[in-house]
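**Student:** generate a structure from the sequence data that follows.
(chains A, B, C and D)
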Protein chains: 2
Amino acid sequence: MPLRSDWSDDVCPIRRSLDVLGDPWVLVIVRDVLHGRGRFDSLRENLGISEAVLSRRLQGMVEAGLLVRVDYDNGGRTRQGYAATEAAAELLPVLQQLALWGERHTSMPAGGGHMAMIHRTCGNETTRGEACSACGEVLVPEDMTWVKPWKNTRDTLVPAGVLSGL
Amino acid sequence: MPLRSDWSDDVCPIRRSLDVLGDPWVLVIVRDVLHGRGRFDSLRENLGISEAVLSRRLQGMVEAGLLVRVDYDNGGRTRQGYAATEAAAELLPVLQQLALWGERHTSMPAGGGHMAMIHRTCGNETTRGEACSACGEVLVPEDMTWVKPWKNTRDTLVPAGVLSGL
DNA sequence: GCTCTGACTTTCTTGAAGGAAGTTATAAGC
DNA sequence: GCTTATAACTTCCTTCAAGAAAGTCAGAGC
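**Tutor:** As a prediction, this is how the structure comes out:
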């Protein structure tokens, strides 16, 4: 009698996906890691997640094949962080559709704003998550820039395996 | 200090979406309701969910604008069930992409099989979740049939507002 | 030797998940 | 008229994860 059911052996592929992804933290961690933000402290700070929960999630996501541990250099010291796998990079359409759905069907708080997803290959904003609404090309992280007006940032996504620091 | 964080007022649209959808039950309930399977008992039986949890989720999903209560006739008796809203119908791309991701990145158990998503408008199977890979049209529930070999069924999805019985 | 940083781990309390049993309301059967 | 059946919940109980805060550990720099 577990707190959450185990769907890893379900015949339905949606349930098997949700066995891994059906936790609110997992997808926002994937999002941050696809921004190159794969350091423990930077995840903790950006997500506002408890350290114990972050630690458990990261371990689970490595086991699930969403993340890999990578070394990086921090002022002469080798430290370890996390980078996306191909499996995580292929969640980009899901993340982008969640963003589109959220803008359509949830109410934006004060201080928010429209998050534009720019397909750098063609230079246009896309209104779809899987293939660019302007040029039709399938969207991959390394071709995307997300413009977040509430932070005044233009964030370029990174491909699988990359940890950009910060 | 709640068990789960409240992201309903977050500036990030992905987090606002996950505030509603970041629970493993919500998306499988949406899936079943988009199959017309919106009766309490039929959801309970098909999902293997505890009745208490199902009841809480359904209430929350009505409040969140994903479901509406609808009457239906059951042998001369009027009963109440649940049907999808437009907001829930627009989660179809997310569900289909989760299915595609699950088939690529999780291991199918014995007795499983490939779930084909057929776009009835053009008659072809689509390998994308948002727009048909064969004809390019944007996919909506009422044009889709899902072929589930492990159940020997071809399930036709229904548009928002419909409860087909069963 | 002490401090700082980054990545965790431990401890504690609260509350949701899941299982099971009980409740309500109507209709059909005897 | 009373019992049974069905559908949709609600209540009760135990277990276990979430979240908050504090502690641990290891190497670098002063």
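
**Student:** near DNA strand C at all, the host helix or strand of A:Val26?
**Tutor:** Assigned by DSSP states H and E, A:Val26 belongs to helix A:24-33. No. Helix A:24-33 lies out of reach of DNA strand C by Cβ under 7 Å from any atom of the strand, never closer than 11.4 Å. Quick note: C-beta positions are derived from backbone N, CA and C, even for glycine.

**Student:** now that helix, how far from the chain's geometric center?
**Tutor:** A distance of 4 Å separates the centroid of the chain from that of helix A:24-33, by Cα atoms, centre = their mean, to the nearest Å.

**Student:** what's the answer for stretch A:70-80, then?
**Tutor:** Worked out by Cα atoms, centre = their mean, stretch A:70-80 lies 22 Å from the chain centre.

**Student:** which residues touch the helix holding A:Val26?
**Tutor:** Contact with helix A:24-33 is made by A:20-21, A:38, A:42-43, A:46-47, A:49, A:53-54, A:57-58, A:60-61, A:66-67, A:82-84, A:88, A:91, A:94-95, A:98, A:163, B:4-5, B:7, B:14-15, B:18-19, B:22-23, as judged by Cβ atoms under 8 Å, 6 or more residues apart in numbering or on different chains.

**Student:** which of these fall within strands?
**Tutor:** A:Leu67, A:Tyr82, A:Ala83, A:Ala84 (DSSP state E).

**Student:** since we're on the first one, how many residues are nearby?
**Tutor:** Think A:Leu67. 25 (other Cβ atoms under 10 Å in any protein chain shown).

**Student:** mind listing what it touches?
**Tutor:** With Cβ under 8 Å, 6+ apart, A:Leu67 has these contacts: A:Ile29, A:Val33, A:Gly38, A:Leu58, A:Met61, A:Tyr82, A:Ala83, A:Ala84, A:Thr85, A:Ala88.

**Student:** switch to 6 Å and redo it
**Tutor:** Counting by Cβ atoms under 6 Å, 6 or more residues apart in numbering or on different chains, A:Leu67 touches A:Met61, A:Tyr82.

**Student:** for A:Arg44, see how far away it is.
**Tutor:** Going from A:Leu67 to A:Arg44 by Cβ to Cβ, to the nearest Å gives 15 Å.

**Student:** distance of the residue nearest to the spatial centre of chain A from A:Arg44?
**Tutor:** Centroid-nearest residue in chain A: A:Arg31, 1.5 Å away (criterion: Cα atoms, centre = their mean). Using Cβ to Cβ, we find A:Arg31 at a distance of 15 Å from A:Arg44.

**Student:** repeat for A:Ala99
**Tutor:** Counting by Cβ to Cβ - A:Ala99 and A:Arg44 are separated by 23 Å.

**Student:** fine, thanks again, bye for now.
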